[in-house]
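Visitor: Kindly generate the corresponding structure for this input.
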Amino acid sequence: MKQSELPTLARELRDFIIQIISQKEGHLGASLGVIELTIALHYVFDTPNDLLVWDVGHQAYGHKILTGRRDVFHTNRDLNGISGFPKRSESVYDTFGVGHSSTSISAALGMALASNIKNEKEKQHIAVIGDASIASGMAFEALNHAGVTDANLLIILNDNAIGIDPSVGALKEYLASFKEGEVHEENNIFRALNFNYSGPIDGHNLESLISELSRLKSVKGPKFLHVITTKGKGLQLAEENQVKYHAPGKFDPETGKIYPKEEENLPQKFQDIFGHTLVELAEQNDKIIGVTPAMPSGSSMKYMMEKFPQRAFDVGIAEQHAVTFSAGMATQGMTVFCNVYSTFLQRAYDQVIHDVALQNLPVIFCLDRAGFVGEDGATHHGVFDLAYLSCIPNMILYAPLNEIELRNIMYTAQLGLNHPIAIRYPRGRGFIKDEWKLPFEKVGIGKGYCLKEGSEVAIISTGTIGNNVAEAIKRVSDSSKPAHYHFPFVKPLDVALLNNIGSKFKKIITVEEGGVNGGFGSLVSSFFMENKYDINIKKLGVPDEFIEQGTVNELHKYSGLDVLSLITVLQNMI
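Guide: Numbering: from 1, shown residues only. Okay, the predicted model is just below:
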């Protein structure tokens, strides 16, 4: 295309994304904010021969549409559709799979140095990273390394002062000073790290972007381009309400007005139960602290931040720091609720072991989005926590059946456990429409209980998936035969109850919304084997594979955890 035609392309691309996402839902604001940058990058560089890496990938819809996926874009985030994030197996233009933040610079640097080794000196390597993501430790590690190499690497900082929630921290303030002209080109942190720095430039001016990117193609070594953009650009309400329009749900494509969801008389979200309960407990206990790595809205830590701003901390996209920061506070007698999405706690695994569990510090980890999260897919499902946490000494691991159990374990944990605890709960609505805010009750550590007596087969479940089990038992032809036991504590297991079950039943089914290998079922199975029980055990859980996107119900069905699949298993076991 002629360069003069590109502004028209930008308008068409924006309109196309708005039309599809208004009907299908998805990540809106981030992609609208980089339309001109996306067009300029593909116009100037010879992709896919030149390698382009998007950080996180929330902003890659325009990239996907321009690289051969326009006709299937309507399947975005659907079961068997295209992924909501760049994915190597989907397109040669997706050079690196992403979904978690702050990986782009490391990946692009690795590509660039590999090109040097292969004597492909003219190949370009570009990482596009946001101002929230670049504040993460991993991004700084990569900047530190890149600055002492001869890598043909271009880092583009997409600076819009927001991630999902507004960016926080000293680096945000520093970047803001660039826009005000308070930091001079010859005297900034990126130049000090040996990058050829240019900017800041208007990220919505195609002429400026193309001119500067064309110039940078011939500049050798590590380069850094600072681009200023507006998240939600081109849809007024999305520009004005950037948090809400990160992923707004369905909306009117003409006005941007979000359609109200049919939420009358529905149970509260687990996230809001957590947030309101934390405030309730903090009103009674002035040692309670809240910590979240960049997810105050999504996790509902925002309620604590509004009520007790001096006792609630958004530490930015920095899960490792969040965990060790929480550990430091715990050494001083604070009762710390460290609220992290299950999939993101994976990024701080060493800190959980070395800084918390090894020192036996009573940090209270609240793992949001445990189990399947739905349309965000494989990068975001919280299906590994039961396996990766249950092997850690000193760690207590708890999975509530419902909102009341979540409240009671939070109450119990803040009374003092002398051990770290991880409490995992799912995304979205609970199961109790009314009367969830009951008086707190102290939970007996390591105790399970019988939900239903039975005679032939015992189902042992943990977490909210037990509600599917209970419904399946109700519907099975002879509902008197299956017994149902709920084990909220995956660690420590209720050994007395397991011995009781082992002495009564010869057929047992374990059910968990987590990886079937190494999780709850494996622990139960090992117990019965080690104690020489002659029992036929069937383990149900998430298969040993990376599960792609789809609705939670679809993914339950795929994994055999939906009600109908459970009924079939029960009928075959009775």
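Visitor: show me where the stretch 451-574 of the chain has helices.
Guide: Ranges of helices in the stretch 451-574 of the chain, per DSSP state H, counting those that start in this stretch, are 466-475, 495-504, 520-530, 552-559, 563-573.
Visitor: Give me the helices and strands touching the last one, please.
Guide: With contacts defined as 3 or more Cβ pairs under 8 Å, 6 or more residues apart in numbering; DSSP states H and E, the secondary structure elements packing on helix 563-573 are strand 457-461, helix 466-475, strand 507-515, strand 536-542, helix 552-559. The way it works is simple: take the backbone N, C-alpha and C, and place the C-beta from them, glycine included.
Visitor: Looking at the ones you listed, spot the one closest to Thr331.
Guide: strand 507-515 (30.7 Å; Cβ to Cβ).
Visitor: Strand partners (parallel or antiparallel) of that closest one?
Guide: If you go by DSSP bridges, strand 507-515 pairs up with strand 457-461 (parallel), strand 536-542 (parallel).
Visitor: Kindly calculate the angle that that strand makes with helix 520-530.
Guide: 140 degrees (axes from the mean of the first three to the mean of the last three Cα atoms, to 10 degrees).
Visitor: quick one on the thing from earlier: dump the helices and strands packed on helix 563-573 to CSV, plus mean pLDDT, distance to Thr379 and mean neighbour count.
Guide: Formatted as CSV, the helices and strands packed on helix 563-573 follow (pLDDT from 0 to 100; distance: least, Cβ to Cβ, whole Å; neighbours: other Cβ atoms under 10 Å):
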stretch, mean pLDDT, distance to Thr379, mean neighbour count
strand 457-461, 97, 26, 27
helix 466-475, 96, 25, 19
strand 507-515, 98, 15, 25
strand 536-542, 97, 15, 19
helix 552-559, 97, 14, 19
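Visitor: rewinding a little: of the helices of the stretch 451-574 of the chain, which is nearest Phe85?
Guide: Once these are compared by Cβ to Cβ, helix 552-559 is nearest, at 16.6 Å.
Visitor: And for that closest one, what's in contact with it?
Guide: Helix 552-559 has contacts (Cβ atoms under 8 Å, 6 or more residues apart in numbering) with 79, 371-374, 381, 427-428, 468, 513, 541-543, 547, 550, 562, 564-565.
Visitor: switch the cut-off to 6 Å
Guide: Residues outside helix 552-559 that contact it (Cβ atoms under 6 Å, 6 or more residues apart in numbering): Leu79, Phe372, Gly374, Val542, Ile547, Asp562.
Visitor: For Thr343, see how far away the second one is.
Guide: Relative to Thr343, Phe372 is positioned 11 Å away (Cβ to Cβ, to the nearest Å).
Visitor: Between these two, tell me which one has more neighbours.
Guide: More neighbours surround Phe372 than the other of Phe372 and Thr343, with 29 against 23 (other Cβ atoms under 10 Å).
Visitor: For burial, what's the neighbour tally of Asn418?
Guide: With other Cβ under 10 Å as criterion, Asn418 counts 9.
Visitor: Phi, psi for it please.
Guide: When read as degrees, to the nearest 10, the backbone of Asn418 gives phi 60, psi 10.
Visitor: For it, give its distance to Arg424.
Guide: 21 Å.
Visitor: so where's the longest helix in this protein?
Guide: helix 6-24 (DSSP state H).
Visitor: Run the chain-centre distance for it.
Guide: Relative to its chain's centre, helix 6-24 lies at 26 Å (Cα atoms, centre = their mean, to the nearest Å).
Visitor: Check which residues of the lowest-mean-pLDDT helix or strand in the chain are buried.
Guide: Lowest on mean pLDDT, DSSP states H and E among the helices and strands of the chain sits helix 170-179, with a mean of 85. Within helix 170-179, the residues that count as buried by 16 or more other Cβ atoms under 10 Å are Leu171, Lys172, Leu175, Phe178.
Visitor: which other residues reach it?
Guide: Asp131, Ala135, Asp159, Val183, Pro200.
Visitor: which one of those has the most neighbours?
Guide: Counting neighbours by other Cβ under 10 Å, Ala135 leads the contacts of helix 170-179 with 26 neighbours.
Visitor: For Phe85, give its distance to Gln59.
Guide: 10 Å.
Visitor: do Leu79 as well
Guide: Applying Cβ to Cβ to Leu79 and Gln59 gives a distance of 23 Å.
Visitor: More neighbours: which of the two?
Guide: Gln59 (26 against 17).
Visitor: For that one, which non-adjacent residue is closest in space?
Guide: Ala30 (3.9 Å; Cβ to Cβ, 6 or more residues apart in numbering).
Visitor: Give me the distance between the one you found and Ala247.
Guide: 9 Å.
Visitor: between these two, which one's more packed in?
Guide: It is Ala30, of Ala30 and Ala247, that has more neighbours when counted by other Cβ under 10 Å, with 27 against 19.
Visitor: So that one is in contact with His58, correct?
Guide: Yes: the criterion here is Cβ atoms under 6 Å, and Ala30 meets it with His58 at 4.0 Å.
Visitor: list residues touching both of the two?
Guide: Contacts common to Ala30 and His58, judged by Cβ under 6 Å, 6+ apart, are absent.
Visitor: And for stretch 325-339, what's in contact with it?
Guide: 278, 287-292, 299, 301, 355-356, 361-366, 414.
Visitor: that older thread, for the record, mean pLDDT for the longest helix of the chain?
Guide: What helix 6-24 shows for mean pLDDT is 95.
Visitor: Could you tell me which residues within that helix count as buried?
Guide: Leu6, Leu9, Ala10, Leu13, Arg14, Ile17, Ile18, Ile20, Ile21, Ser22, Lys24.
Visitor: what sits against the residue lying closest to the third one once chain neighbours are set aside?
Guide: So that's Ala10. Excluding the flanking residues, the one nearest Ala10 by Cβ to Cβ, 6+ apart is Ile35, at 5.1 Å. Taking Cβ under 6 Å, 6+ apart as the criterion, Ile35 is in contact with Ala10, Leu13, Arg14, Gly62.
Visitor: Lowest-confidence entry in the contacts of helix 170-179?
Guide: Val183 (65).
Visitor: Span of stretch 50-63 from start to end?
Guide: 14 Å (Cα to Cα, to the nearest Å).
Visitor: who touches that stretch?
Guide: Here stretch 50-63 has contacts from 13, 17, 27, 30-31, 34-35, 38, 85-86, 95-96, 98-99, 101, 104, 107-108, 111, 124-129, 133, using Cβ under 6 Å, 6+ apart.
Visitor: Narrow these to those in helices?
Guide: Taking DSSP H, the ones among the contacts of stretch 50-63 that sit in helices are Leu13, Ile17, Ala30, Ser31, Ile35, Thr38, Ser104, Ala107, Ala108, Met111.
Visitor: From Ile501, how far out is the fifth one?
Guide: From Ile35 over to Ile501 the distance is 58 Å, taken as Cβ to Cβ.
Visitor: so where's the stretch 51-200 of the chain uncertain?
Guide: For the stretch 51-200 of the chain, the stretches flagged by pLDDT under 70 are 182-184, 186.
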